[in-house]
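Asks: here is a sequence together with a model predicted from it:
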Amino acid sequence: MTFFENQFLCPTSKKFKKGINDDQKKLLLAKNYSEKHHEFVNSIIIMLKGCFFILGTVSLLRIGYVSNIRITRLREIQNSYEYEKFKYNNLTKRFDELFSLHGQQRFMKDQDQMISRDIMRVIWR
């Protein structure tokens, strides 16, 4: 809006009072009021958009952080599961070998014997 147009819209200017009747004054005042109201509503909307953008950004960051923690924990659980599964398979294999042909002798050979060097060993076959 130019300076010249602004003088006609301003209710305190002399030109506003001289050349315009009451209906036109009311119409210009209503237009001026509606423009200010429109600017106020626009500024509120912009502030709300900014708040929602910040809220969304923070929420996405928190979701990313929590997801990272969960993935790390799931990897730890998976590694632990794989290790226990490996141990179980080895024990199952050894248990099955115990009941196979000459399994008891192999089992005895696999056992660690805590005997000192000074003592004579007797192995029964």
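Replies: Received the coordinates, thanks.
Asks: any low-confidence regions in the chain?
Replies: Applying pLDDT under 70 to the chain picks out residues 1-20, 110-118, 120-121, 125.
Asks: give me the distance between residue 66 and residue 23.
Replies: Distance, residue 66 to residue 23, by Cβ to Cβ, to the nearest Å: 63 Å. Placement of C-beta: from N, CA and C, glycine included.
Asks: again, but for residue 108
Replies: For residue 108 relative to residue 23 (Cβ to Cβ), the value is 117 Å.
Asks: and for residue 62?
Replies: From residue 62 over to residue 23 the distance is 58 Å, taken as Cβ to Cβ.
Asks: which SS state does residue 124 fall under?
Replies: At residue 124 the chain is in coil, as set by DSSP: H, G, I helix; E, B strand; the rest coil.
Asks: what do you get for residue 119?
Replies: Residue 119 ends up coil, using three-state DSSP.
Asks: switch to numbering from 5
Replies: Sure, I'll start counting at 5 from here, so that last one is residue 123.
Asks: quick revisit: which one of residue 112 and residue 27 is surrounded by more residues?
Replies: residue 112 (12 against 8; other Cβ atoms under 10 Å).
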